[in-house]
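Asker: sequence plus the predicted model coming up.
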Amino acid sequence: MKRNVLLGITGGIAAYKSAYLVRELRKKNFNVKVIMSPYAKEFVSPMTFETLSGNRVYIGWEEEPLAHIKLARWADIFLIAPCTVNTLSKLACGIADNLLLTTALAHDRPILIAPAANTVMYKNPAVQENIKRLKGMGHIIVEPERGVLACEEVGEGKLADTERLIDWIFYSLEDKPLRGKRVLITCGATREYIDPVRFISNDASGEMGFSLARIARWWGADVKVIAGFTTAKEPPEVELIKTLSVEEMHRAVMDNLGWAQLIIMNAAVSDFVPKETATRKIKKRESLTLELIKGKDILKDLGKRKGNRFLVGFALETDNLIENAKRKLLDKNLDMIVANPTGAIGRGGEYEGVVITKTAEERISARTKMEGARKILKLVCDNISL
Ligand SMILES: Cc1cc2nc3c(=O)[nH]c(=O)nc-3n(C[C@H](O)[C@H](O)[C@H](O)COP(=O)(O)O)c2cc1C
């Protein structure tokens, strides 16, 4: 089902970025309608938004009777981006002296507010007080980013980037079956160095783990990700702890075990590590024999210490997929295991897997890893009682 995004645009220099935002929202299959503050049209022509959204743009009350009520009811989500400090402060005080502000008052759900302004303006105590008030009313402030601003000063005040804004839209639209739960996810590939420049690793991209993290956040969880080497896009608004070797990942996981309630171990961890790492680059020679020894077994150690936490593992197998995954489930004291054929490693493409618990087995087939992650997490939610 297509969802309706009402985009409010105010008179800040970042208004030009909203054109790209409308385009991306349409690509993500949202219906988009735009309301501009009267001053916003000094920055970008309404015709730009009309063309990109495929809908007329609203600015004044005179254009349609009761436009503010109709738009407020139409919107599944109301995002104001960029939001000037002027509009933000008026919102905090319940002022309704233009169509955008009146619609905001008539909208009975939390509004996503993405401020953008010069750092000093943004940090002004009056503005910060108004932000606090808006948060207290249940609205979501999508914090601006640090960077070079239009005024050429460096600081906090840049409009949140498009990907973050869209991520918050999904967050706002999703149910919250994991509300308040603390979820720890590992992902990516570990690297074991043979010498200072060469290493043993694998094809894992981190895409499944990052997708699980995105969705867990949308569903209300507090999420930490411990990542090895990754090539997939990192999810916004989650704490990311970067590691590389099995040893480092093991340490990071154990350090965060006390915090976590649900642990999803998606990282592709080396089973073997070099017995020794050369301190200098190994020179070319006729042949080279490497001695590998068993690395730390993070999953097994977690299984021993997990207590009443819900522990999910992943198994990638070339042979006897289900049989081997079931053995791993029992051996490592897991609550659930996701069995993947080797095609599941790396980025992109369709996703096939089997989710196995001690009592059930469910095949998953999805067009993307994001869709696969959603199905896996749904099964986790059906099975947890944290
Ligand atoms: C060139 C220019 C750039 C501006 N950029 C910003 C900005 O980035 N953020 C902001 O809060 N105000 C900015 N302002 C000030 C707002 O335009 C002004 O407060 C205006 O009253 C906002 O009206 P509105 O909130 O109804 O759109 C800028 C003004 C000018 C002239």
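Answerer: Thanks, I have it. Numbering: from 1, shown residues only.
Asker: and Glu323, what helix or strand is that in?
Answerer: Using DSSP states H and E, Glu323 sits in helix 321-331.
Asker: check which helices and strands that helix sits against.
Answerer: strand 310-317, strand 336-341, strand 351-356 (3 or more CB pairs under 8 Å, 6 or more residues apart in numbering; DSSP states H and E). In short, each C-beta sits where N, CA and C put it, glycine included.
Asker: which of those strands sits closest to the ligand?
Answerer: Across these, the ligand has its closest neighbour in strand 351-356 (41.5 Å, CB to the nearest ligand atom).
Asker: now the longest helix that the chain contains against strand 351-356, angle please.
Answerer: Counting by DSSP state H, the longest helix found in the chain is helix 369-383. For helix 369-383 against strand 351-356, the angle by axes from the mean of the first three to the mean of the last three CA atoms, to 10 degrees is 10 degrees.
Asker: so which bits of helix 369-383 are buried?
Answerer: 369-377, 379-380 (16 or more other CB atoms under 10 Å).
Asker: of all those, which comes closest to the ligand?
Answerer: Met370 (33.1 Å).
Asker: look up how far Arg23 lies from the closest one.
Answerer: According to CB to CB, to the nearest Å, Met370 stands 20 Å off from Arg23.
Asker: again, but for Cys83
Answerer: Distance of Cys83 to Arg23, computed by CB to CB: 20 Å.
Asker: which of these two has more neighbours?
Answerer: Higher neighbour count among Cys83 and Arg23: Cys83, with 30 against 14, using other CB atoms under 10 Å.
Asker: phi first, then psi, for the more buried one.
Answerer: For Cys83, the backbone dihedrals (degrees, to the nearest 10) come out as phi -110, psi 120.
Asker: confidence score at it?
Answerer: We have a pLDDT of 98 for Cys83.
Asker: and what of Pro196?
Answerer: 95.
Asker: and the residue of the stretch 101-250 of the chain found nearest the ligand, helix, strand or coil?
Answerer: Residue of the stretch 101-250 of the chain nearest the ligand, by CB to the nearest ligand atom: Ala117 (3.6 Å). Under DSSP: H, G, I helix; E, B strand; the rest coil, Ala117 falls in the coil class.
Asker: and it, how far is that from Gly12?
Answerer: For Ala117, the distance to Gly12 - CB to CB - is 7 Å.
Asker: got it, and Asp271?
Answerer: Noted for Asp271: a distance of 53 Å to Gly12, by CB to CB.
Asker: who's more crowded, these two?
Answerer: Set Asp271 next to Gly12 and count neighbours by other CB under 10 Å: Gly12 wins out with 28 against 11.
Asker: so what's that one up against?
Answerer: Gly12 sits next to 43, 82-84, 116-117, 159 when contact means CB atoms under 8 Å, 6 or more residues apart in numbering.
Asker: how does it look with 7 Å?
Answerer: 82, 84, 116-117 (CB atoms under 7 Å, 6 or more residues apart in numbering).
Asker: Lys369 now?
Answerer: 207-208, 211, 351.
Asker: top of those residues by neighbour count?
Answerer: In terms of neighbours by other CB under 10 Å, those top out with Met208 at 30 neighbours.
Asker: so that one touches Ala267, yeah?
Answerer: No: using CB atoms under 7 Å, Met208 is not in contact with Ala267; the gap is 9.9 Å.
Asker: where along the stretch 201-350 of the chain do the strands fall?
Answerer: 222-227, 239-242, 262-265, 272-274, 292-294, 310-317, 336-341 (DSSP state E, counting those that start in this stretch).
Asker: okay, the ones you listed in TSV with mean neighbour count, mean pLDDT and distance to Asp108 next?
Answerer: Formatted as TSV, these follow (neighbours: other CB atoms under 10 Å; pLDDT from 0 to 100; distance: least, CB to CB, whole Å):
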stretch	mean neighbour count	mean pLDDT	distance to Asp108
strand 222-227	24	98	27
strand 239-242	15	98	32
strand 262-265	25	98	33
strand 272-274	18	94	57
strand 292-294	11	95	59
strand 310-317	22	92	36
strand 336-341	23	92	39
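Asker: now distance to the ligand too, for those strands, in TSV please.
Answerer: Below are the strands of the stretch 201-350 of the chain laid out as TSV (distance: least, CB to the nearest ligand atom, whole Å):
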stretch	distance to the ligand
strand 222-227	31
strand 239-242	29
strand 262-265	40
strand 272-274	51
strand 292-294	56
strand 310-317	44
strand 336-341	46
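Asker: can you get me a residue count around Pro235?
Answerer: Neighbourhood size, Pro235 [other CB under 10 Å]: 24.
Asker: what's near enough to touch it?
Answerer: 210, 213-214, 217.
Asker: neighbour-wise, which of those leads?
Answerer: In terms of neighbours by other CB under 10 Å, those top out with Ala213 at 31 neighbours.
Asker: quick one, what contacts that one?
Answerer: By CB under 7 Å, 6+ apart, the contact set of Ala213 is 185, 223, 225, 235, 238.
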